[in-house]
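Q: Below are the sequence and a predicted model; questions follow.
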Amino acid sequence: MSTLMLRTTGITKRFGGVTAVDSLDLEIFENEIVGLLGPNGAGKSTLFNLIAGALPPDTGRLEVFGEDVTGQPAHRMCQRGVARTFQIVRPLAGLTVLENAMVGAFAKTRSVRHARERAEAALDLVGLSEMVTTMASSLTLGHRKRLEVARALASQPQLLLLDEMMAGLNPAELDPFIEILRDVNRQGVTIIVVEHVVHAVMQLASRIVVISQGRKISEGLPASVMSSRAVVEAYLGDDFAIS
């Protein structure tokens with residue numbers, strides 16, 4: 001049986017009178033690529049913030065790699081091997097591509113040499129090895145997104161949370177980006193993808209979880225989930241339904 005990388009049990013987060021994540025149970029196993037889908041406001045980014053340590057849950061339990069890490073802060077989660085990207089990519093404009101990636105590496109090392117080596121390896125994996133001296137301010141959106149992934153990879157995660165990394169990419173950029181993520185997964189990194197580009201998730205993910213109003217409404221193989229009446233009604237609409 002595959003190793004359990006992540007488990008949430010009854011995890012809940014409220015903001016005032018709004019319950020963003022509602023008693024959600026989730027399990028992620030080693031080497032999976034799992035798509036996390038749902039309408040705007042479903043609680044996807046809040047769930048990522050809970051897993052990454054940016055927010056503490058109000059109730060429930062979070063386990064990573066078999067250990068209870070409930071309420072641990074983001075820097076501790078990163079040191080444990082959980083990395084995440086952000087919807088809005090904002091590289092440090094005054095630094096080069098290499099220097100930006102090294103920022104991620106410094107989460108786990110104080111050695112400049114080690115940080116450089118890890119950053120270079122990450123940039124090579126995402127196809128930016130020829131741009132190490134390029135200023136981040138001059139990058140296209142597609143290259144900024146690759147750099148965002150490289151920065152996270154430079155921290156040498158076991159579990160990578162990708163928050164809408166494929167949004168805004170044109171068709172010529174999308175297929176290579178999907179292949180990059182497959183390569184990352186082949187390197188032994190388990191991936192959870194929050195995404196609204198549904199056809200990309202269908203190509204990439206081996207399993208899909210759909211949440212709505214903070215609750216899990218469907219889980220399973222992509223084709224099965226996307227034909228679920230609950231998913232069609234809550235998220236996709238009849239025009240997208242898979243017959």
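A: Nice, I can see it. Numbers count the residues shown, from 1 in each chain.
Q: From now on I want contacts and neighbour counts done on CA atoms only, so please keep to that.
A: Will do.
Q: Tell me the secondary structure of the nearest residue to Q79 once chain neighbours are set aside, please.
A: Spatially, and ignoring its direct neighbours in sequence, Q79 is nearest to K108 (6.1 Å; CA to CA, 6 or more residues apart in numbering). For K108, the assignment made with DSSP: H, G, I helix; E, B strand; the rest coil gives coil.
Q: Touching, K108 and P157? I think so.
A: No. If you go by CA atoms under 8 Å, K108 and P157 don't touch, sitting 10.1 Å apart.
Q: Would you mind telling me which of the two has more residues around it?
A: When K108 and P157 are compared for neighbours, P157 comes out ahead with 21 against 18, by other CA atoms under 10 Å.
Q: ok, which stretches of this structure are helices?
A: Remark: helices assigned in the chain by DSSP state H are 44-52, 74-80, 97-105, 112-125, 141-153, 171-186, 198-204, 222-226, 229-231.
Q: Worst mean pLDDT among the ones you listed?
A: Lowest mean pLDDT within those: helix 229-231, at a mean of 82.
Q: Quick one: end-to-end distance for stretch 117-134.
A: End-to-end distance for stretch 117-134, by CA to CA, to the nearest Å: 17 Å.
Q: now what about that stretch, what contacts it?
A: By CA atoms under 8 Å, 6 or more residues apart in numbering, the residues outside stretch 117-134 that reach it are 96-98, 101-102, 104-105, 143, 146-147, 149-151, 153-156, 180, 183-184.
Q: For it, buried residues please.
A: Residues of stretch 117-134 classed as buried under the neighbour-count rule (16 or more other CA atoms under 10 Å) are 117-123, 125-129, 131-132.
Q: circling back: in ChimeraX, how would I pick out whichever of the contacts of stretch 117-134 are buried, leaving the exposed ones unselected?
A: This is how ChimeraX selects the buried members of the contacts of stretch 117-134, with burial counted by 16+ other CA under 10 Å:
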select :96,97,98,101,102,104,105,143,146,147,149,150,151,153,154,155,156,180,184
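Q: ok, A42 - how many residues close by?
A: So A42, with other CA under 10 Å, has 22 neighbours.
Q: these two touch, right, it and G214?
A: Yes. Look at A42 against G214 with CA under 8 Å: they come within range, at 5.4 Å.
Q: Show me the common contact partners of those two, please.
A: Counting by CA under 8 Å, 6+ apart, the residues touching both A42 and G214 are 20-21.
Q: ok, Q79 to H143 distance?
A: In terms of CA to CA, Q79 sits 26 Å off from H143.
Q: Next: M202.
A: Applying CA to CA to M202 and H143 gives a distance of 23 Å.
Q: With G127 instead?
A: 9 Å.
Q: Repeat that for L159.
A: 22 Å.
Q: One more: L162?
A: Distance from L162 to H143, by CA to CA: 15 Å.
Q: can you check P73 too?
A: Applying CA to CA to P73 and H143 gives a distance of 29 Å.
Q: Next: L153.
A: Counting by CA to CA - L153 and H143 are separated by 15 Å.
Q: Likewise for T70?
A: 34 Å.
Q: now do S129
A: When S129 is compared with H143 (using CA to CA), they lie 11 Å apart.
Q: Same question for V21.
A: 32 Å.
Q: Next: A93.
A: Counting by CA to CA, the gap from A93 to H143 is 13 Å.
Q: check contacts around L98.
A: Applying CA under 8 Å, 6+ apart, the residues contacting L98 are 116, 119-120, 123, 131-133.
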